[in-house]
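> only geometry, no sequence info:
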Ligand code: NDP
């Protein structure tokens, strides 16, 4: 029997509390693959979970962290062998199952993805759930058939984790990228990721008219609410918006006009329960489509002991791009 370090969330009378402690192997959940976790990450959902700001953690005590990457230590599955480098995102990690803020994890083989050739655990977590989601949005737009030569693409919440990776992926594929942000001081950061034009967050925040002047043919939205409504209203004929986030609200005060008069498509994107074949395809594309230098430029590294304070900074809008948690 051995122990490992982890952040553990416990329920208190007045809410919940998160702290680092030693966890016994016997507390690991069922699964046929044991992973030595080397890297995790900090996503918006993690920050909400750690701050107790939304009912993300639904079982106590629980190790939070919605994703992790590391090396297989032991496997009862023919699909994985000790030494394989794997990634786990979603599937209830950090919600109903012990997640990534731990030196060890045990997981069903059918939910782990073996990393493509050349992709390290650290790079997989610089991408993380946020980057996987951005890639799923790009794949959804491609399935719809929109192309860079049809017009520009817009990305909202562009300085955030999903937004930053979305910008980089679209720019690499030749899209002219318009970024919406509430942080004009990050203009140089966004331009380095490949943004051609920046619009202030406020331009998309007011109540949307049924239709607006056509400004883009594709979009990736991380904000929701009036922002998503405005995005749809300003999409040109036959275009599509991939919606994956709710940083500005869960509502959607929109009209049907863009859908029935401009043939605009609203494409929903979920990473948590995305089917395995789609995940594998997304990771394969990420291994090719992400410029490693650009990814490094949007990534900050922290230790397990900095996760809780950095989560509060993320919710306060003070974190940019991606945050990798070095577990080892
Ligand atoms: P981040 O906190 O890194 O980024 C969110 C960004 O949204 C901020 O950086 C900010 O961008 C913008 N923003 C924040 N608050 C507001 C507001 N009130 N109005 C308008 N814009 C705002 O989070 P992530 O990138 O990790 O996640 C983004 C969203 O995507 C979240 O809602 C998250 O839950 C969702 N998500 C969904 C997934 C799925 O499977 N569908 C998976 C992963 C994430 P800026 O500073 O540029 O204005």
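Cool, got the structure. Computed from a predicted structure; not experimentally measured.
> What's the nearest residue in the stretch 201-328 of the chain when you look at the ligand?
Using CB to the nearest ligand atom, the closest approach of the stretch 201-328 of the chain to the ligand is made by residue 245 at 2.6 Å. All C-beta spots, glycine's among them, are computed from the backbone N, C-alpha and C.
> Relative to residue 224, how far out is that residue?
Between residue 245 and residue 224 the computed distance is 6 Å (CB to CB, to the nearest Å).
> who's more crowded, the two?
More crowded of residue 245 and residue 224, by other CB atoms under 10 Å: residue 245, with 25 against 21.
> does the more buried one really touch residue 222, like I thought?
Yes - using CB atoms under 8 Å, residue 245 is in contact with residue 222, at 3.4 Å.
> Return every residue with contacts to both of the two.
157, 162 (CB atoms under 8 Å, 6 or more residues apart in numbering).
> Tell me who's in contact with residue 82.
Residues in contact with residue 82 (CB under 8 Å, 6+ apart) are 71, 72, 73, 74, 75.
> Equivalent analysis for residue 251, please.
Listed by CB under 8 Å, 6+ apart, the contact set of residue 251 reads 224, 225.
> Swap in 6 Å and give it another go.
Applying CB atoms under 6 Å, 6 or more residues apart in numbering to residue 251 gives the contacts residue 225.
> tell me the secondary structure for it?
coil (DSSP: H, G, I helix; E, B strand; the rest coil).
> before we move on, what about residue 277?
Following three-state DSSP, we place residue 277 in the helix state.
> what about it, neighbour count?
8.
> Identify the residues contacting it.
Residues near residue 277 by CB under 6 Å, 6+ apart: none.
> Distance of it relative to residue 96?
Distance, residue 277 to residue 96, using CB to CB: 24 Å.
> Find the closest residue to the ligand in the stretch 51-200 of the chain.
Here the residue of the stretch 51-200 of the chain nearest the ligand is residue 160; by CB to the nearest ligand atom that distance is 2.0 Å.
> Check the gap between that residue and residue 246 for me.
Residue 160 is 12 Å from residue 246, by CB to CB.
> what about these two, which has more around it?
The neighbour comparison of residue 160 against residue 246 (other CB under 10 Å) goes to residue 160, with 27 against 16.
> Could I get the phi/psi values of the more buried one?
Main-chain torsions, residue 160, degrees, to the nearest 10: phi -70, psi -180.
> and the spatially most central residue of the chain, what does it touch?
By CA atoms, centre = their mean, the chain has its centre lying nearest to residue 130, at 1.4 Å. Contacts of residue 130 were listed using CB under 6 Å, 6+ apart, and they are 43, 161, 162.
> cutoff 8 Å now
If you count contacts by CB under 8 Å, 6+ apart, residue 130 has them with 41, 43, 44, 160, 161, 162, 164, 165, 322.
> do residue 313 as well
By CB under 8 Å, 6+ apart, the residues touching residue 313 are residue 319.
> and if you look at residue 87?
Contact analysis of residue 87 by CB under 8 Å, 6+ apart lists 67, 68, 69, 112, 113, 115, 121, 124, 125, 283.
> can you check residue 53 too?
With CB under 8 Å, 6+ apart, residue 53 has these contacts: 47, 315.
> make it 10 Å
Listed by CB atoms under 10 Å, 6 or more residues apart in numbering, the contact partners of residue 53 are 47, 311, 312, 315.
> out of those residues, which are buried?
Buried by 16 or more other CB atoms under 10 Å: 47, 311, out of the contacts of residue 53.
> Give me the subset of the contacts of residue 53 lying in helices.
47, 311, 312, 315 (DSSP state H).
> mind giving me JSON lines with those and columns for pLDDT and distance to residue 184?
Listed next are these as JSON lines, based on pLDDT from 0 to 100; distance: CB to CB, whole Å:
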{"residue": "47", "pLDDT": "95", "distance to residue 184": "23"}
{"residue": "311", "pLDDT": "96", "distance to residue 184": "25"}
{"residue": "312", "pLDDT": "95", "distance to residue 184": "23"}
{"residue": "315", "pLDDT": "94", "distance to residue 184": "20"}
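> got any residues that touch both of residue 245 and residue 224?
Common neighbours of residue 245 and residue 224, using CB under 10 Å, 6+ apart, are 156, 157.
> Which SSE is immediately downstream of whatever helix or strand residue 309 lives in?
Residue 309 is part of helix 307-315, with elements assigned from DSSP states H and E. Reading on from helix 307-315 to the C-terminus, the next helix or strand found by DSSP H and E is strand 322-326.
> Perfect, that will be all.
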